[in-house]
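Student: sequence-free structure coming up:
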């Protein structure tokens, strides 16, 4: 296990040569940009995608595991400037706060009421109140009416101290600040969030830059300490064995992938050879284009302008010839019976999908590495097993240029409303979760329950603790949601805390999915758009993103034949609706970024 963990740490995108932390840094990026095509992480109820991609261990531990050669490969802007763990252990503020107080928070009722029926009843909240001397009071609404209720609250001007603007303010966090819904947190950082300031000073320049919007800190963000691929395509491992298919590389060709699909379809007569729900297959590296999402899930995926790069030129995936080639491949799979032509009607319920996977109704699907073993709960087949499928590339021997460079800033978090009368107290409460004790509660939960120790190393025990309703978590991902403070507070996330809970199949999957290569096709997610740029993008995306997904769905469902004439008409209409104006905003920002002007 230790050898495997070391391998995972070497794979981490963020590693560092550690130096002493300096003075407080200027704050850092806009997480609520209208630029939806930038890579983003989003907190979501635990499902097959799970938490954000697991990450490298806290920097102090990671430093000992990563060899110098790995550090040399990390761009200077991505290297840590110091050790965040040391910064967390600095004692600036004494907790619990002497005067204490109460903070109000608006949020939707947890969707998993069988485990916990109210935000106020999460185990870790009681521990947080004891540790900080601050009580969290909730205004709760049902999830179904949350958007409507949020808008009513904002329109009325009587807001709670902490509000989830990033989730519910339709115009985005930047517009919320501009319209005086939320306030800038930055003026309070030096005095009331000194641990956050110290940790931020230790982060890479890239990560710091992603926290700011035109110099303003607009949310209490969560920051991942690294990332590696922990989600990918999987299939029935027992079927691979029966078909004599094995993988000895992290990349396979489209011919190998296609042959595997057809063999499984022919031998096992599966209803859905590929569970295709949002219009995408992970074949960017085959068709050398960004493949746009046609239907977002509201959590992990969204419909965007699908901007990527060819060298230093910014382009959109929607109007690329490679995207047309991709669509023709999907249509061929439909004709062959491998993809359901009525894919929009497939059931999205996770339990239904898991049952379909386990019953042999699906051959290939997407899944998180840590969830592979859970499907065995849905079948009595003693031979059932799940195995990872490698990434697919047009030429597995050529340099791989579609390696995703993910932001370490979680695209969530609460903002400080302009109704808040005591922002100093809120900031001191948030600061606690940037201390070492707060880091433990945020990442591992309560000591003696979900937090256990292996020598001096914290470990996450997801199977032992019980919720207020007397239930255990069904999996480690869900346990993080139930027994830590990640639902409520910002902080520095030790996202590989689940790795020790991974079964061998999950570790093998992570190893297979981590491809050596570069991210030169992706648009840099460290680029921060100005308010004016976000407004310009939003101006054109409204009409464009209403038209484009519908037009592509018409190609896929057969309502519009895909040929030279209809494709050219589609591309022309994309031009008419402003795709080039959207690209121009991205291009200008990229040019300034490369020139060191932003």
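Tutor: Arrived safely, thanks for sending. These numbers come from a predicted model, not from an experiment. Numbers count the residues shown, from 1 in each chain.

Student: Can you list the buried residues in the longest helix anywhere in the chain?
Tutor: Counting residues, the longest helix in the chain under DSSP state H turns out to be helix 531-557. Buried residues in helix 531-557, counted by 16 or more other CB atoms under 10 Å: 531, 533-538, 540-541, 544-545, 547-549, 551-553, 555-556. (C-beta placed from N, C-alpha, C; glycine too.)

Student: ok, residue 510 to residue 251 distance?
Tutor: 16 Å (CB to CB, to the nearest Å).

Student: Residue 508 too?
Tutor: Counting by CB to CB - residue 508 and residue 251 are separated by 16 Å.

Student: Please identify which of the two sits among more neighbours.
Tutor: The neighbour count for residue 508 versus residue 251, taken as other CB atoms under 10 Å, is higher for residue 251 (21 against 17).

Student: quick one, phi psi at the more buried one?
Tutor: Backbone torsions of residue 251, given as degrees, to the nearest 10, read phi -130, psi 140.

Student: Wait, it touches residue 399, no?
Tutor: No. Residue 251 lies out of contact with residue 399 (CB atoms under 8 Å); the separation is 10.8 Å.

Student: where does this protein dip in pLDDT?
Tutor: Where the chain drops to pLDDT under 70, the residues are 1-79, 226-229, 297-301, 405-407, 411, 526, 596, 598.

Student: what does the domain assignment say about it?
Tutor: Following automatic domain parsing, one gets these domains for the chain: 88-225+409-493, 231-296+318-393.

Student: a markdown table for the ones you listed, including distance to residue 575?
Tutor: Formatted as a markdown table, the domains of the chain follow (distance: least, CB to CB, whole Å):
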| stretch | distance to residue 575 |
| --- | --- |
| domain 88-225+409-493 | 26 |
| domain 231-296+318-393 | 8 |
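
Student: Residue 525 is nearest to which of those domains?
Tutor: domain 88-225+409-493 (7.4 Å; CB to CB).

Student: contacting residues around the closest residue to residue 142 other than its chain neighbours?
Tutor: The shortest distance from residue 142 to any non-neighbouring residue, by CB to CB, 6 or more residues apart in numbering, is to residue 109 (5.9 Å). Residues in contact with residue 109 (CB atoms under 8 Å, 6 or more residues apart in numbering) are 117, 118, 119, 140, 141, 142, 143.

Student: Any idea what the residue nearest to the third one when sequence neighbours are not counted is bridged to?
Tutor: Among residues not flanking residue 119 along the chain, residue 138 sits closest, at 4.7 Å (CB to CB, 6+ apart). Partner residues in beta bridges with residue 138: residue 105, with DSSP bridges as the criterion.

Student: what's near enough to touch residue 138?
Tutor: Contacts of residue 138 by CB under 8 Å, 6+ apart are 104, 105, 106, 107, 118, 119, 120.

Student: repeat that for 10 Å
Tutor: 103-107, 109, 118-121, 125, 160, 162, 488 (CB atoms under 10 Å, 6 or more residues apart in numbering).

Student: Contacts only, for residue 381.
Tutor: 236, 238, 358, 359, 360.

Student: hmm, who's touching the helix or strand encompassing residue 167?
Tutor: Taking DSSP states H and E as the criterion, residue 167 maps to helix 165-168. Here helix 165-168 makes contact (CB under 10 Å, 6+ apart) with 31-32, 42-43, 106-108, 146-151, 153-154, 159, 171-177, 181-182, 218-219, 221, 298-299, 410-417.

Student: So which of the residues you listed belong to helices?
Tutor: 146-151, 153-154, 173-177.

Student: Switch those over to TSV; also include neighbour count.
Tutor: Putting those into TSV (neighbours: other CB atoms under 10 Å) gives the following:
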residue	neighbour count
146	18
147	15
148	11
149	17
150	22
151	13
153	19
154	21
173	25
174	27
175	18
176	25
177	24
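
Student: which residues in the stretch 51-200 of the chain form helices?
Tutor: 59-65, 68-72, 84-88, 123-132, 146-156, 165-168, 173-178, 186-192, 194-202 (DSSP state H, counting those that start in this stretch).

Student: quick one: which of the ones in helices among the contacts of helix 165-168 is nearest residue 442?
Tutor: For the ones in helices among the contacts of helix 165-168, the nearest to residue 442 is residue 173 (21.5 Å; CB to CB).

Student: which other helices and strands contact the helix or strand harbouring residue 266?
Tutor: Assigned by DSSP H and E, residue 266 belongs to helix 254-268. Packing partners of helix 254-268 (3 or more CB pairs under 10 Å, 6 or more residues apart in numbering; DSSP states H and E): strand 231-236, helix 237-243, strand 251-253, strand 272-274, helix 284-287, helix 321-335, strand 362-368, strand 391-393.

Student: Give the buried residues for it.
Tutor: Quick answer for helix 254-268 (16+ other CB under 10 Å): 254, 256, 257, 258, 260, 261, 263, 264, 265, 268.

Student: Just list the residues touching the closest residue to the first one other than its chain neighbours, thanks.
Tutor: Spelled out, it's residue 254. Spatial nearest neighbour of residue 254, chain neighbours left out: residue 286 (4.9 Å); criterion: CB to CB, 6+ apart. Residues in contact with residue 286 (CB under 10 Å, 6+ apart) are 253-254, 257-258, 322, 325-326, 329, 391-395, 402.

Student: how close does residue 286 sit to residue 192?
Tutor: Relative to residue 192, and taking CB to CB, residue 286 is found at 51 Å.

Student: List just the nearest of the buried residues of helix 254-268 to residue 133.
Tutor: For the buried residues of helix 254-268, the nearest to residue 133 is residue 257 (56.9 Å; CB to CB).

Student: My read is that that closest one contacts residue 285, right?
Tutor: No. Residue 257 lies out of contact with residue 285 (CB atoms under 10 Å); the separation is 11.2 Å.

Student: so what sits against both of these two?
Tutor: Shared contacts of residue 257 and residue 285, counting by CB under 10 Å, 6+ apart, come down to 391, 392, 393.

Student: ok, now which ones touch the last one?
Tutor: Same thing as residue 393. Per CB under 10 Å, 6+ apart, neighbours of residue 393: 249-254, 257, 283-286, 288, 399-402, 515, 517.

Student: Write a ChimeraX command that selects only the buried members of those.
Tutor: In ChimeraX, this line selects whichever of those come out buried by 16+ other CB under 10 Å:
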select :250,251,252,253,254,257,283,284,285,286,288,400,401,402,515,517
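
Student: Give me the neighbour count for residue 113.
Tutor: Using other CB under 10 Å, residue 113 is surrounded by 10 other residues.

Student: Then the one 3 residues further on?
Tutor: The burial metric for residue 116, expressed as a neighbour count using other CB under 10 Å, is 22.

Student: Check residue 84 too.
Tutor: Residue 84 has 27 neighbours, counted by other CB under 10 Å.

Student: Could you check how far it is from residue 352?
Tutor: 41 Å.

Student: Then residue 569?
Tutor: Distance from residue 569 to residue 352, by CB to CB: 38 Å.

Student: Please apply the same query to residue 219.
Tutor: Residue 219 is 35 Å from residue 352, by CB to CB.

Student: quick one, which of the two is more surrounded?
Tutor: Comparing residue 219 with residue 352 by other CB under 10 Å, the one with more neighbours is residue 219, at 29 against 11.

Student: Give me the neighbour count for the nearest residue to the more buried one once chain neighbours are set aside.
Tutor: Of all residues not flanking residue 219 in the chain, residue 413 sits nearest, at 4.1 Å (CB to CB, 6+ apart). Using other CB under 10 Å, residue 413 has 26 neighbouring residues.

Student: do the same with residue 126
Tutor: What residue 126 shows, counting by other CB under 10 Å, is a neighbour count of 14.

Student: for it, what are its contacts?
Tutor: Contacts of residue 126 (CB under 10 Å, 6+ apart): 120, 135, 446, 468.

Student: Isn't residue 193 up against residue 490?
Tutor: Yes. Look at residue 193 against residue 490 with CB under 10 Å: they come within range, at 9.4 Å.

Student: Residues that sit against both of those two, list them.
Tutor: By CB under 10 Å, 6+ apart, the residues touching both residue 193 and residue 490 are 185, 220, 430, 431, 434.
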